[in-house]
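[1] Next comes the sequence, and after it the predicted model I'd like to discuss.
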Amino acid sequence: MRASILAIAAVGAWLVPTGILYWALSGDHAGILLLLLGGVTMLGLAAYLVGATRGTPPGPDDDEAAEPGAGTVDGPVPVLRAVPPASAWPALIAAGAALVAYGLAFTPWIWLPGLLFLALALAGYARETSP
Amino acid sequence: MSPAVAVAHRPTAPGDPGDQPLPGIVGWLTTTDHKRIGILYVGTSFAFFVVGGLLAALMRAELAEPGLQFVGSQRYNQLFTIHGTVMMFLFAVPMATGLANFLVPLHVGAPDMAFPRLNALSYWLYVAGGLVVLSGFLTSRGAADFGWTAYAPLSDGTYSPGAGGDLWITGIALTGVASTLTAINLLSTVIALRAPGMTMFRLPIFTWTMMVVSFMILIAFPVITAALFMLLADRRLDAHFFTPSGGGDPILYQHLFWFFGHPEVYIVALPFFGVISEIIPVFSRKPIFGYKAMVIATVLIGAYSLTVWAHHMFTSGAINDGFFSGATLLIAVPTGIKIFSWVFTMWGGRLRFDTPMLYAVGFVVVFLIGGLTGPMLAVRAFDSHVHDTYFVVAHMHYVLLGTAVFAMFGALFFWWPKLFGHRLDEGLGKVQFWLLFVGSNIVFFPQHVLGLRGMPRRFADYPEGIGYETLNLWSSLGTILVALAVLLFLVNIAASARRARRGDAAPAGDDPWQGNTLEWATSSPPPTHNFHSLPPIRSERPVFDHRWGDRP
Amino acid sequence: MLDPVTRDGRYVADLWTFLAVAATAVAVVVLGLLTIAILRGRGRDAGELPPQRHGNLALELTYTGGAAALSAVIFGLGLWFQARIDDDPPTDLEVSVQGYQWGWRFEYPGGRVVASEPGNDPVLVLPVGETVTFHLRSDDVIHSFFVPAFAWKQDVVPGRPIDLTVTPVREGRHVAHCAELCGIDHARMNFAVDIVSPEAFDRWLATGEGPGDGPVPDVEEPS
């Protein structure tokens, strides 16, 4: 866990000083901003992970001596969460997105209905797993 | 990490009810199983590879001799635009994504990706985006023809009107969303779903590369999406982001495009580096040489690749050359670490040259050649001669060929039994390898010389009598061998599948290659939730350890 | 292989020589190691394990350090050459160059203009040994002014006029291209560069006769 946070933080820690150096060396506002934003994003992600895992003991995945099956719960076959094994919503969302993408090149008569279809598909996707 | 997630590690037993895919086509349309989605990605992206290859074959046919024999200038411009677009956006990244989809949950010992439906959504968005881009060919003005880089002002509404360009933009935007969602999924899977004992420094190198690639996608893809919508606004809404007459700047587009575009090529390359790091140790019967250094090198390549983008812009005169030259030369160091590590993994090993290993060695040779011209291009003075010539075409095809083609075929031969339960034919595989190796070198090596002589890229035709003819002819002839190789692969797929169906070949079994990592600890193909049981994980080679017992 | 005809081009050629030699040396080393590893290791697999070496710190530091050193040398050399290239002699001649879809327009002091015509590529006449500064501009899309014999190109970006200074050092005629995709006839914006003696150049500038006569073979029209 720490290694993954370190890797994320390392990328951020590389980008921010590079962005500052680039600021000193060039007038390219786009590049300066993108480097700094990219670095801040990575550092932010690392900070979130640190905060989210603070206080929790390391899990069996970070325990070098853990036995297979450590930390699991006996009982019937578990699923990761109440996620159905098959769902039509992803394909339907993509179909709506395709209509929007296609319609943007031509006419609102295509992309507006496409947007509606997309919204309905997203709603279906969200409601599929709500309690 | 948390108890709720640890529940997922309970192994399933054979015969567990539920969670079987729906039958037939409906099953494939609605699947959320990462293995099926991985297969969908691999199949779809390979189909796009063939499409991109056909476009290239047409281009090479046209360039074999001076004069326009087969296609007009505008059609030729469409060909290279869509060739580049298809190969980069619809083949290379999705192929890597497909491999990652199938392998990463298996590599970390998880029953699926962190967000299975999101995973499916990524795939379908990719398909949608690809179809939207290609539908440009059916419009009255044809497909986009301004290069896969779409530089403004050429790509704006004044100079390239027509729906083909707009469809190119919106289609690519969809594939970008797909990749971003996959990055989130992969990162979450690696961080949160690792099996007991699978610490970060025991992950397969392939999974590390996918993790770093995920960071890069999160940083780079929003930039291209924004740039493309700015371009669409210029084209359709009379915005002036990139047109000087309205106060805009074409160079801004280049900065935005390449801030994405350069990490993009490493997003393509890193997963295939990861593939090689999986194949060579298995077929050398040795661990990867310098595992920790390989991990660090992967992270460094990811980090450095985000800071070098304007080496594509040296000839614009608008950038700080020293900064970008220096930053680019830095990348040579971690890349060099990787190449030496692969060679020294083989050193002293007991080598087996099954087809995956042939492809891995082919990759090292081809990628080395491409990698050596990279630092040359990093020097502004030299780049000013060869930028936008066939020298760059040669460089990029050598590196892309090494990774997205040779390593890809290595991956397919290596993991085919795990995906489908039977092996591809080895004899056909070896013939195919040699055809591809010889053919690719004939196609692309002469292009270095063509570029040094001055032939620009994206030329539908070239003048006679200035030294471009012979090299172009050779380059075009080599295409025949490459095409034969790809055809042979398709034959191999069909023949191997038929043989397996008829029961003429023994099933592959769990571990046909005597592999190292967790995917070889389960059946071929794996059950729905991947593992009935896991071996103890004590190193980056849990299956190897389990097979050989305690070894130093 | 590179035989440029300008002062700066000679530096590029020397740089290329160094880079090519360095790359070849690295290739020989790496491919040599690879070949030896393969020859030593193949056919030895009998299902037993070779020594399971996980790494070797000294070796890893060596090749890492070697790669870093080579990169630093290339960087330094690049800066060194660039400084010399940028150090141009004072300008003797100024030529305005306009790139457009799909041709070039060269305007000399005194008003002589040479421009692309259908089926006829323009000839850019230059005096040998004199330093010429091109004032480059485009009013439509990005083009690139590229004379392979100069071993240099300069992108011409609308909204960003820019100068390019070269000193031809050898007489001769050379083909030149547009090197940035600019639309349908991007491949048909070729032109020629004719480097002549200063006397011949002066005569041509005054009268339009002499060098530059005769068309450069154009790219073939589609059949």
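    Looks like it came in fine. Nothing here was measured: the structure is a model prediction, and the numbers come from that model. Residues are numbered from 1 along each chain as shown, chains lettered A, B, ... in the order given.

[2] what about stretch C:75-86, near chain A?
    No - Stretch C:75-86 stays clear of chain A (Cβ under 8 Å from any Cβ of the partner chain), getting no nearer than 13.9 Å. Any C-beta I mention is one placed from the backbone N, CA and C, and that applies to glycine too.

[3] What helix or strand is the residue most central in space within chain A located in?
    The C-alpha lying nearest the average C-alpha coordinate of chain A belongs to A:Leu45 (Cα atoms, centre = their mean; 10.4 Å). Using DSSP states H and E, A:Leu45 sits in helix A:29-53.

[4] anything in that helix near chain C?
    No - Helix A:29-53 stays out of contact with chain C when judged by Cβ under 8 Å from any Cβ, the minimum separation being 15.3 Å.

[5] same deal with stretch A:10-27?
    No - taking Cβ under 8 Å from any Cβ as the criterion, stretch A:10-27 and chain C are apart, separated by no less than 13.2 Å.

[6] partner residues bridging C:Thr165?
    Beta-bridge pairing for C:Thr165 (DSSP bridges): C:Thr133.

[7] do you know how far it is from C:Thr91?
    When Cβ to Cβ, to the nearest Å is applied, the distance between C:Thr165 and C:Thr91 equals 6 Å.

[8] Find residues that contact each of these two.
    Residues touching both C:Thr165 and C:Thr91 (Cβ atoms under 8 Å, 6 or more residues apart in numbering or on different chains): C:131-133.

[9] What about these, which one has the most neighbours?
    C:Val132 (20 neighbours; other Cβ atoms under 10 Å in any protein chain shown).

[10] Please give me every residue in contact with that residue.
    With contacts defined as Cβ under 8 Å, 6+ apart, C:Val132 is in contact with C:91-95, C:126, C:165-168.

[11] Recalculate using a threshold of 7 Å.
    Taking Cβ atoms under 7 Å, 6 or more residues apart in numbering or on different chains, we find C:Val132 in contact with C:92-93, C:95, C:126, C:166.

[12] With A:Gly19 instead?
    Taking Cβ under 7 Å, 6+ apart, we find A:Gly19 in contact with A:32, A:35-36, A:39.

[13] next one: C:Gln154
    The contact partners of C:Gln154, taken as Cβ under 7 Å, 6+ apart, are B:315, B:317, C:136, C:144-145, C:162, C:164.

[14] which of these lies closest to chain A?
    Checking these against chain A with Cβ to the nearest Cβ, the nearest one is B:Gly317 at 12.9 Å.

[15] What is the one helix or strand B:Gln78 maps to packed up against?
    Following DSSP H and E, the helix or strand that holds B:Gln78 is helix B:73-85. Using 3 or more Cβ pairs under 7 Å, 6 or more residues apart in numbering or on different chains; DSSP states H and E as the contact test, the elements touching helix B:73-85 are helix B:34-63.

[16] rewinding a little: C:Thr165 and C:Thr91: which has the busier surroundings?
    Neighbour comparison, C:Thr165 and C:Thr91: the larger count goes to C:Thr165, with 19 against 13 (by other Cβ under 10 Å).

[17] was I right about B:Leu231 contacting B:Pro153?
    No - counting by Cβ atoms under 7 Å, B:Leu231 stays clear of B:Pro153, with 10.2 Å between them.

[18] intersection of neighbour lists for those two?
    Counting by Cβ under 7 Å, 6+ apart, the shared contacts of B:Leu231 and B:Pro153 are B:Phe242.

[19] residues contacting the nearest residue to B:Ala360 once chain neighbours are set aside?
    Nearest residue to B:Ala360 in three dimensions, chain neighbours excluded: B:Ile279, at 4.5 Å (Cβ to Cβ, 6 or more residues apart in numbering or on different chains). In this structure, B:Ile279 makes contact with B:356-357, B:360, B:410, B:414, judged by Cβ under 7 Å, 6+ apart.

[20] can you do 8 Å?
    Residues counted as contacts of B:Ile279 (Cβ under 8 Å, 6+ apart) are B:356-357, B:359-360, B:410-411, B:414.

[21] Next: B:Tyr253.
    B:151-152, B:227, B:230-231, B:241-242.

[22] which element is it on?
    Assigned by DSSP H and E, B:Tyr253 belongs to helix B:250-284.

[23] Please state the offset of that helix from the chain centre?
    Offset of helix B:250-284 from its chain centre (Cα atoms, centre = their mean, to the nearest Å): 7 Å.

[24] what is the mean pLDDT for it?
    Averaged over helix B:250-284, pLDDT sits at 97.

[25] Skip ahead from that helix and say which helix or strand is next.
    In N-to-C order, the element after helix B:250-284 by DSSP H and E is helix B:291-305.

[26] now check that following helix, is it near chain A?
    Yes - with Cβ under 8 Å from any Cβ as the criterion, chain A is reached by helix B:291-305 at B:299, B:302-304.

[27] Just send those back as JSON lines, with neighbour count and pLDDT too.
    Converted to JSON lines, the residues of helix B:291-305 next to chain A look like this (neighbours: other Cβ atoms under 10 Å in any protein chain shown; pLDDT from 0 to 100):
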{"residue": "B:Val299", "neighbour count": "23", "pLDDT": "95"}
{"residue": "B:Gly302", "neighbour count": "27", "pLDDT": "95"}
{"residue": "B:Ala303", "neighbour count": "26", "pLDDT": "95"}
{"residue": "B:Tyr304", "neighbour count": "24", "pLDDT": "96"}
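
[28] Show me which pair in those is furthest apart.
    In the residues of helix B:291-305 next to chain A, two members sit farther apart than any others by Cβ to Cβ. They are B:Val299 and B:Tyr304, at 9.6 Å.

[29] Spit out the residues that contact those two alike.
    The overlap between the contact sets of B:Val299 and B:Tyr304 (Cβ under 8 Å, 6+ apart) is empty.
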